[in-house]
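Student: What follows is a predicted protein model with its sequence.
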Amino acid sequence: MAISTYATIDIGSGELSMKLYEISKQHGIRELTHVRHKLSLGAETYTKGFISYQTIEELCNTLNDFKQMLKEYQAASWQIYATSVLREARNFLVVIDQIKIQTGFSMRVLSNSEARFLYYKALALRQRNFESLIEDGTLIVDIGAGSVQLSIFNGGKLCATQNLLLGSSRIRELLLAMQGEAYDYHALIDEYIEKDLLTFKKLYLNSTNIKHVIAIGEMIPDIYYYLKRNHKGGKNEFEGILTQKAMSRNKLPRELAGTSARLAIPTILICRKISDLTGCSEILLSAVDLCDGMAAEYAEKKVKFIMEHDFTEDILSTAENIARKYMVDMKHVENVQTLALQIFDRIRKLHGLGKRERLLLQIAVILHSCGAYINEIQSRECSYRIIMSTEIIGISHKERTIIANMVRYNSSSFPAYEELDEDFTREEYITIVKLNAILKTANVLDKSNRQKIKNVGVTLEDGILTITADTMADITLEKGLFHQKADVFQEVFGIRPMLKQKKSGGKHGKVRKI
């Protein structure tokens with residue numbers, strides 16, 4: 001079995017981190033080495049709003065040192081990611097350009113939802129009993145430098161997630177501005193984070209019994225390994241638990257602050273506050289980091305490594321929970337989803353799209369009518385605004401924009417490429433047009449929201465796509481409206497769809513897997 005050497009580089013708020021792994025389908029992921037270089041990018045981004053040229057130069061020099069190690073280990077491939085520390089810097093394009101010029105490295109700045117998703121993949125791969133833990137109410141607390149992501153898992157699926165601007169570095173730099181004032185440091189942090197956490201509790205925690213809290217994030221590994229070194233029970237007994245007793249002592253935060261650039265105190269106090277809100281007496285710490293998530297995704301995509309947890313289900317579950325929040329007719333959604341995916345699968349050779357685009361189509365169907373909650377007449381525009389304003393874990397900002405535009409023009413003509421405000425490539429524009437045509441065709445088959453057409457047969461012959469509706473109901477309305485959508489479909493795919501009725505009353509099953 002071929003074994004490949006893969007490297008990950010994370011440009012974090014307080015350090016640059018590189019891990020090298022051996023990855024194979026048979027043996028999984030084995031970490032070879034971990035190299036870290038302290039560099040306070042977050043101190044500049046979260047206070048000044050930009051990264052200085054001197055810091056950029058040190059960043060590039062360190063990346064060149066990492067580059068030499070890649071040659072020594074004969075790494076077959078590597079990836080460099082950054083998150084909010086670059087994303088929120090005004091000059092992030094300059095930083096990326098200088099990295100390219102001075103090191104030759106191309107890098108990617110992840111959106112918040114993409115970065116958090118990678119952490120979850122690492123956690124699912126490395127955390128013992130992850131699947132059994134999330135069957136009961138489990139809150140995953142991802143404490144980054146710039147923000148905190150709170151995600152509730154129950155019944156084995158992601159139920160809700162919320163991002164709060166309460167990151168450890170952001171809090172630390174904010175309080176540094178008050179150095180001349182006399183104040184109780186711990187009490188001030190507690191006051192600062194309380195409002196947002198209480199709002200989250202009111203929205204989500206009152207209806208869910210949280211049995212487990214798992215803490216991950218940028219500072220958590222340092223806290224984890226500190227406790228591991230100082231735990232009297234020994235390595236085998238230690239399970240990475242941060243107890244209320246430990247969090248209430250002043251000694252632990254002081255010692256950690258000296259070894260972890262004083263970012264540990266905000267992290268521990270956030271954990272303590274969440275422990276109070278949930279009623280949990282202990283928080284399980286996990287030492288996974290973004291590099292581990294990058295390796296997990298690489299193994300899944302490139303080596304076809306099969307993970308036990310189905311993250312596609314989490315993405316769809318999140319979309320469905322958003323739809324329910326805006327009181328969407330879920331029977332209509334389920335019906336249109338079935339019809340849309342049947343059409344998508346039957347004409348694969350015509351559209352040339354893959355699994356990821358199929359997933360985007362599913363999400364668009366789930367959310368296509370959420371705007372009616374705000375304004376029935378302008379429901380498509382409202383749906384667009386809701387989707388653009390709502391994070392979906394595992395979906396990038398660009399993918400969310402694709403979904404939003406599919407929904408926005410669900411009832412009207414799709415604009416020309418030059419008319420769109422968003423920055424799409426021509427290939428991305430064509431993808432949206434194709435998915436939009438399928439969405440329109442499937443949606444008109446349940447225009448009355450009565451699920452009169454629950455199953456269709458799709459055949460393609462002699463340039464005609466015949467959609468046979470298996471139903472005993474009167475579909476005169478659907479037939480009348482189908483003609484207009486057929487024009488759009490023909491314009492995009494070059495074939496004419498025709499709607500026929502077959503009165504056998506066949507049943508269908510819920511389409512879910514992709």
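Tutor: The structure has been received and is ready for your questions. Numbering: from 1, shown residues only.
Student: where does the chain have its least confident helix or strand?
Tutor: Ranked by mean pLDDT, DSSP states H and E, the helix or strand of the chain with the weakest confidence is helix 251-259, at a mean of 55.
Student: C-terminal to it, what's the next element?
Tutor: Next helix or strand after helix 251-259 toward the C-terminus (DSSP states H and E): helix 264-278.
Student: roughly how far is that next one from the heart of the chain?
Tutor: Here the centre of helix 264-278 is set off from its chain's centre by 23 Å, with CA atoms, centre = their mean, to the nearest Å.
Student: can you give me how far the helix or strand just after it is from the chain middle?
Tutor: Under the assignment DSSP H and E, the closest C-terminal helix or strand after helix 264-278 is strand 282-285. Remark: strand 282-285 is offset 23 Å from the chain centroid, using CA atoms, centre = their mean.
Student: and the helix or strand following strand 282-285, what other elements does it pack with?
Tutor: Once strand 282-285 ends, the next helix or strand along the chain (criterion: DSSP H and E) is helix 290-302. Applying 3 or more CB pairs under 8 Å, 6 or more residues apart in numbering; DSSP states H and E, we find helix 290-302 packed against strand 4-11, strand 15-24, strand 28-38, strand 77-82, helix 112-126. Placement of C-beta: from N, CA and C, glycine included.
Student: would TSV of the ones you listed with distance to Y53 be doable?
Tutor: Converted to TSV, those look like this (distance: least, CB to CB, whole Å):
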stretch	distance to Y53
strand 4-11	16
strand 15-24	17
strand 28-38	18
strand 77-82	17
helix 112-126	26
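Student: Just tell me which of those ends up closest to Q149.
Tutor: helix 112-126 (4.7 Å; CB to CB).
Student: mind listing what's buried in the helix or strand following the closest one?
Tutor: Sequence-wise, the next helix or strand downstream of helix 112-126 (DSSP H and E) is helix 130-133. By neighbour count with 16 or more other CB atoms under 10 Å, helix 130-133 contains the buried residues F130, L133.
Student: so who does the closest residue to T243 other than its chain neighbours touch?
Tutor: Spatially, and ignoring its direct neighbours in sequence, T243 is nearest to E282 (4.9 Å; CB to CB, 6 or more residues apart in numbering). Counting by CB atoms under 8 Å, 6 or more residues apart in numbering, E282 touches V213, I241, L242, T243, Q244, S275.
Student: The fourth one reaches C280, doesn't it?
Tutor: It stands for T243. No - in this structure, T243 is not within contact of C280 by CB atoms under 8 Å, at 10.0 Å.
Student: More neighbours: the two, which one.
Tutor: Using other CB atoms under 10 Å as the criterion, T243 and C280 rank with C280 on top: 17 against 13.
Student: Hmm, I210 and that one touching each other?
Tutor: Yes - shown here, C280 and I210 form a contact pair, counting by CB under 8 Å, at 6.4 Å.
Student: picking that back up, in terms of pLDDT, where does the residue nearest to T243 sit?
Tutor: The model reports E282 with a pLDDT of 80.
Student: residue boundaries of the helices in the stretch 301-450 of the chain?
Tutor: 311-325, 330-346, 348-351, 355-367, 379-389, 397-408, 426-444 (DSSP state H, counting those that start in this stretch).
Student: so what's the nearest residue to H351 once chain neighbours are set aside up against?
Tutor: Closest residue in space to H351, ignoring its immediate chain neighbours: K434 at 4.9 Å, by CB to CB, 6+ apart. K434 makes contacts with H351, L353, V492, F493, as judged by CB under 8 Å, 6+ apart.
Student: Could you rerun that using 7 Å?
Tutor: H351, L353, V492 (CB atoms under 7 Å, 6 or more residues apart in numbering).
Student: Looking at the residues you listed, which one is closest to M388?
Tutor: L353 (22.4 Å).
Student: Need phi/psi at that closest one.
Tutor: Backbone torsions of L353, given as degrees, to the nearest 10, read phi -90, psi 160.
Student: Near it, how many other residues are there?
Tutor: There are 18 residues near L353, going by other CB under 10 Å.
Student: now it: how far from R400?
Tutor: The spacing between L353 and R400, counted by CB to CB, to the nearest Å, is 18 Å.
Student: Tell me the buried residues in stretch 326-345?
Tutor: 326, 328, 332-344.
Student: rewinding a little: with secondary structure added, can I get the contacts of E282 in a markdown table?
Tutor: A markdown table is the format used below for those (DSSP: H, G, I helix; E, B strand; the rest coil):
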| residue | secondary structure |
| --- | --- |
| V213 | strand |
| I241 | strand |
| L242 | strand |
| T243 | strand |
| Q244 | helix |
| S275 | helix |
